[in-house]
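J.: what shape does this take:
(2 chains)
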Amino acid sequence: RKEVEQDPGPFNVPEGATVAFNCTYSNSASQSFFWYRQDCRKEPKLLMSVYSSGNEDGRFTAQLNRASQYISLLIRDSKLSDSATYLCVVTNTGGFKTIFGAGTRLFVKA
Amino acid sequence: DAGITQSPRYKITETGRQVTLMCHQTWSHSYMFWYRQDLGHGLRLIYYSAAADITDKGEVSDGYVVSRSKTENFPLTLESATRSQTSVYFCASSALAGGRETQYFGPGTRLLVL
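T.: Presented below is the predicted three-dimensional model:
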C-alpha cells in the first residue's frame, strides 16, 4: 500500500462545476499536509496548506480528517485555468520525509 | 529574482556514464531536496540536506550521490547512469523543515539514459 494514495482521475468537469479530490495517508503520525498543483511539464507549486480545522482560500477549500487519515480538496466554480494535476503531500517527522501522492488530473472544459 | 534554478534542463546520456545535475537557490534556504518524478509514482525523495555539509538519504538514493559544500548549491550525481534513472529530476528548497513551510521547486531536469 502506498503511503499517500490519490485517485489518479482524470476528472473531466465543465466550467463552473464543483469538484472534490480525496487523498488518504497511511502514517498516523503524519504532521503536516499540503496540496500542490502541477501544470503539464512544469514544477509543482504550493496551492495551500491543510489545517486541522479546515481552511479556505477563495474557491478552494481543504479539509483534514486525522481519525480517518484523509485529506480533501474542494474546488468551486471551476475555471479553465484550474486544469492541472493536484498533488497531495504529507510530511512526517521534522519535515524531512515528505511523501507526494501520484496526483489527480483535472480537466476543466468550456 | 532567480529563486531556484536547475541545469541542464535536458540531458541525454549513455548507460554507465557519470552525470551531474546542478541546483542553485538564491534565497539562502537551509533545506534542499532532490526528487525524481516518474509516471505512476509521483515525486520520490532521493536526498535531502538540512544545511551545508549535512545530507541524508531519501527513499530512492541508490546510485546517486550529493554534496553541499555551499548553502546555495546542491548538485546530484549519478555515478554510473542506468536506464532506470531516466526520469524528471526536481530540486527544491525550503527555509525550515516541516511545519507549514513550503518547498519551492526548480523547473526540473529531464534526463534520458540510453
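J.: check which helices and strands the worst-scoring helix or strand of chain A on mean pLDDT sits against.
T.: Taking mean pLDDT, DSSP states H and E as the measure, chain A has strand A:97-100 as its least confident helix or strand, at a mean of 84. Secondary-structure packing of strand A:97-100 (3 or more Cβ pairs under 8 Å, 6 or more residues apart in numbering or on different chains; DSSP states H and E): strand A:84-92, strand B:42-51. In short, each C-beta sits where N, CA and C put it, glycine included.
J.: can you tell which of the ones you listed is closest to B:Gln6?
T.: strand B:42-51 (13.5 Å; Cβ to Cβ).
J.: C-alpha coordinates for that closest one, CSV please?
T.: Extracted in CSV, the C-alpha atoms of strand B:42-51 (Å, rounded to 0.1, in the frame of the first residue of the first chain):
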residue,chain,number,x,y,z
GLY,B,42,4.6,10.8,-8.1
LEU,B,43,7.7,12.5,-6.7
ARG,B,44,10.1,10.4,-4.7
LEU,B,45,12.7,11.8,-2.4
ILE,B,46,16.3,10.9,-3.4
TYR,B,47,18.4,13.0,-1.0
TYR,B,48,17.9,16.0,1.3
SER,B,49,20.2,18.4,3.1
ALA,B,50,19.5,20.4,6.2
ALA,B,51,22.5,22.7,5.9
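J.: and that strand, what does it pack onto?
T.: Taking 3+ Cβ pairs under 8 Å, 6+ apart as the contact cut, strand B:42-51 packs with strand A:97-100, strand B:31-38, strand B:54-57, strand B:64-66.
J.: what's opposite the spatially most central residue of chain B in the beta bridge?
T.: Centrality entry for chain B: nearest residue to the mean C-alpha point is B:Trp34, 2.8 Å, by Cα atoms, centre = their mean. Counting by DSSP bridges, B:Trp34 forms beta bridges with B:Tyr47, B:Cys91.
J.: B:Val66 versus that one, what's the distance?
T.: 7 Å (Cβ to Cβ, to the nearest Å).
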